[in-house]
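Visitor: coordinates for the following, if possible.
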Amino acid sequence: MFLFSVLLFFLLACAGAWLLLFDGGRALVTQSLAQLGRRLEQRWQRLNQAGGQRAAAAGQGAREGARQGAARLLRWLRRRCLLLLAAGVLLTVPPLLAWLVSDGSMLGGFDGAAHDVNPQVLALLEGEQLAPPLSPPPLAFTTAEVAQVRPLLDSANRNWQLLDAAFAQRLLLVFKIMKESHGYDMAILEGYRSPQRQDLLASAGSAVTNAKAFQSYHQFGLAADCAFLRNGKLVISERDPWAMRGYRLYGETAETVGLHWGGRWTMMDFGHTELRLPGTVRK
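Guide: Purely as a prediction, here's the structure:
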């Protein structure tokens with residue numbers, strides 16, 4: 001609504017400036033209003049043939065009213081032209097400057113404030129050290145369904161030991177809650193990602209990733225892409241209602257342990273979570 005208001009006011013300011021600065025514009029408006037008056041007069045005469053004199057008078061009055069209205073509008077615009085132009089500048093320049101200086105190299109999507117971490121979750125993190133679950137067999141990552149949604153996944157790294165220890169414990173706690181509270185078994189699709197692989201995925205297009213080497217938390221062991229296991233098979237596609245429900249629960253759970261969820265981004269990545277540490281990722 002704000003953008004629509006800005007655009008509408010900008011167009012009105014442009015129209016006012018055009019009328020003020022160009023005689024041809026004022027003449028065109030006056031002529032158009034006069035033509036409108038004549039058309040009203042003609043229609044009035046056709047509908048009221050018996051009262052021709054009154055129709056003519058009404059048409060004349062309409063023309064005079066239109067001319068007077070146009071004159072009043074021009075006088076009003078002349079008196080307030082500076083104010084209108086200043087308002088147009090104030091409403092249009094700041095959004096344009098913000099758009100021009102925005103950093104397009106950053107990962108697209110939601111970058112809000114850190115979520116509140118549940119105190120009980122913090123207590124669990126400080127106490128129990130969770131062990132990684134067994135990874136599914138390699139063939140589970142090369143099925144046609146998986147390859148269609150996540151290409152090049154067969155060469156992805158799923159070694160928990162290469163992940164940052166604090167991030168790994170938070171993610172393992174998410175896995176535990178998803179299993180015990182919601183009945184979802186989960187598995188890592190990809191954890192640590194080398195800079196070379198990051199550039200390879202970036203070259204595949206924005207549908208895969210917008211981040212180049214060292215622009216992703218994967219390079220620092222602070223991010224992972226995960227999915228669900230159902231009857232021993234990986235389920236990735238959000239078109240599956242069961243999986244989509246799981247992604248929502250997964251995102252809510254991840255945020256309670258202090259992780260950021262890719263489902264909040266503009267280019268939604270439902271299986272992605274990361275632990276953001278200031279100064280880690282290169283913008």
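Visitor: now the residue nearest the centre of the chain: how far from residue 157?
Guide: With distances taken as CA atoms, centre = their mean, residue 266 lies nearest the centre of the chain, 4.3 Å away. Distance check for residue 266 against residue 157: by CB to CB, to the nearest Å, it reads 27 Å. C-beta here means a position set from N, CA and C on the backbone, and glycine is covered the same way.
Visitor: likewise for residue 265?
Guide: Distance of residue 265 to residue 157, given as CB to CB: 22 Å.
Visitor: helix or strand right after the longest strand along the chain?
Guide: Identified as the longest strand of the chain according to DSSP state E is strand 223-230. Scanning forward in sequence from strand 223-230 by DSSP states H and E, the next helix or strand is strand 233-235.
Visitor: relative to strand 223-230, how tilted is the helix or strand just after that following strand?
Guide: Next helix or strand after strand 233-235 toward the C-terminus (DSSP H and E): helix 241-256. For helix 241-256 against strand 223-230, the angle by axes from the mean of the first three to the mean of the last three CA atoms, to 10 degrees is 140 degrees.
Visitor: check which residues of helix 241-256 are buried.
Guide: Buried residues in helix 241-256, counted by 16 or more other CB atoms under 10 Å: 243, 246, 247, 249, 250, 251, 253, 254, 255, 256.
Visitor: equivalent analysis for stretch 162-170, please.
Guide: 163, 164, 167, 168, 169, 170.
Visitor: for the helix or strand containing the third one, output the C-alpha coordinates as CSV.
Guide: If I follow you right, that is residue 167. Here residue 167 sits within helix 165-182, counting by DSSP H and E. Taking Å, rounded to 0.1, in the frame of the first residue of the first chain, the C-alpha atoms of helix 165-182 are listed here in CSV:
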residue,chain,number,x,y,z
ALA,A,165,30.6,-28.6,17.8
ALA,A,166,28.0,-26.1,19.1
PHE,A,167,26.0,-26.2,15.8
ALA,A,168,26.1,-30.0,15.7
GLN,A,169,24.7,-30.3,19.3
ARG,A,170,21.9,-27.9,18.5
LEU,A,171,21.0,-29.8,15.3
LEU,A,172,21.2,-33.1,17.1
LEU,A,173,18.8,-31.8,19.7
VAL,A,174,16.4,-30.7,16.9
PHE,A,175,16.6,-34.3,15.5
LYS,A,176,15.8,-35.7,19.0
ILE,A,177,12.8,-33.4,19.5
MET,A,178,11.5,-34.1,16.0
LYS,A,179,11.7,-37.9,16.7
GLU,A,180,10.4,-38.0,20.2
SER,A,181,7.7,-35.2,20.0
HIS,A,182,6.6,-35.4,16.4
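Visitor: roughly how far out does whichever helix or strand comes after that helix sit from the chain middle?
Guide: Scanning forward in sequence from helix 165-182 by DSSP H and E, the next helix or strand is strand 185-190. Remark: strand 185-190 is offset 27 Å from the chain centroid, using CA atoms, centre = their mean, to the nearest Å.
Visitor: from the chain's centroid, how far away is whichever helix or strand comes after strand 185-190?
Guide: As assigned by DSSP H and E, the chain's next helix or strand after strand 185-190 is helix 195-202. Taking CA atoms, centre = their mean, the mean C-alpha location of helix 195-202 is offset from the chain mean by 24 Å.
Visitor: show me what helix 195-202 is packed against.
Guide: Packing contacts for helix 195-202, counted by 3 or more CB pairs under 8 Å, 6 or more residues apart in numbering; DSSP states H and E, involve no helix or strand.
Visitor: what residues sit buried inside it?
Guide: Those would be 197, 198, 200, 201, 202, for helix 195-202 by 16+ other CB under 10 Å.
Visitor: okay, and for the stretch 1-150 of the chain, where does confidence drop off?
Guide: 1-10, 12-29, 48-62, 65, 84, 86, 89, 93-127 (pLDDT under 70).
Visitor: switch to 50 and redo it
Guide: 55, 102-114 (pLDDT under 50).
Visitor: wait, what's in contact with the residue lying closest to residue 156 once chain neighbours are set aside?
Guide: Once flanking residues are discounted, residue 156 sits nearest to residue 190: 3.7 Å by CB to CB, 6 or more residues apart in numbering. Applying CB atoms under 8 Å, 6 or more residues apart in numbering, we find residue 190 in contact with 153, 156, 157, 158, 218, 224, 225.
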